[in-house]
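Colleague: Sequence first, predicted model second:
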Amino acid sequence: MSLLADMHAENGVAPANWYKVGDYVQDAMKRGTVFLARHEGEPVGTLAIKREAYWYSDETAYFDKWFFVSPDARHT
């Protein structure tokens, strides 16, 4: 959850409701796929994807729910 807090600190446009964030993460873990990247045992990045219908169609695809890499791990 600390990576998501870092993501919010960097990109958030509204105050975070951490209870809502927790529910969102649980849903992503239950009905989607969550990836966690580690470097030397420490989490440095995270990605969540979930298969959902397009808002305008019955067809489905994988959509990202979040994507974040810690600034220290970006090497850009």
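Modeller: Alright, I've got the coordinates.
Colleague: Have a look at the chain and report its longest helix.
Modeller: If you go by DSSP state H, the chain has its longest helix at helix 18-31.
Colleague: list the helices and strands that one packs on?
Modeller: Judged by 3 or more C-beta pairs under 8 Å, 6 or more residues apart in numbering; DSSP states H and E, the packing partners of helix 18-31 are helix 2-11, strand 42-53, strand 60-69. C-beta here means a position set from N, CA and C on the backbone, and glycine is covered the same way.
Colleague: Just want the angle from it to strand 42-53.
Modeller: Orientation of helix 18-31 against strand 42-53 (axes from the mean of the first three to the mean of the last three C-alpha atoms, to 10 degrees) gives an angle of 70 degrees.
Colleague: Within its sheet, name the partner strands of the next helix or strand after helix 18-31 and how each one runs.
Modeller: Moving toward the C-terminus from helix 18-31, the next helix or strand (DSSP states H and E) is strand 33-39. Note on strand 33-39: by DSSP bridges, its sheet partners are strand 42-53 (antiparallel).
Colleague: avg pLDDT for the strand it pairs with?
Modeller: The average pLDDT within strand 42-53 is 97.
Colleague: Can we start the residue count at 52 from this point?
Modeller: All set: I'll call the first residue 52, so the last point we hit is now strand 93-104.
Colleague: and the angle from it to helix 53-62?
Modeller: Interaxial angle, strand 93-104 versus helix 53-62 (the same axes, to 10 degrees): 80 degrees.
Colleague: Return the distance of strand 93-104 from the chain's centre.
Modeller: Chain-centre distance of strand 93-104: 5 Å, with C-alpha atoms, centre = their mean, to the nearest Å.
Colleague: just stretch 113-124 next, same as before
Modeller: On the basis of C-alpha atoms, centre = their mean, stretch 113-124 sits 6 Å off its chain's mean C-alpha point.
Colleague: same deal with stretch 120-127?
Modeller: What separates the centre of stretch 120-127 from the centre of its chain is 16 Å, taken as C-alpha atoms, centre = their mean.
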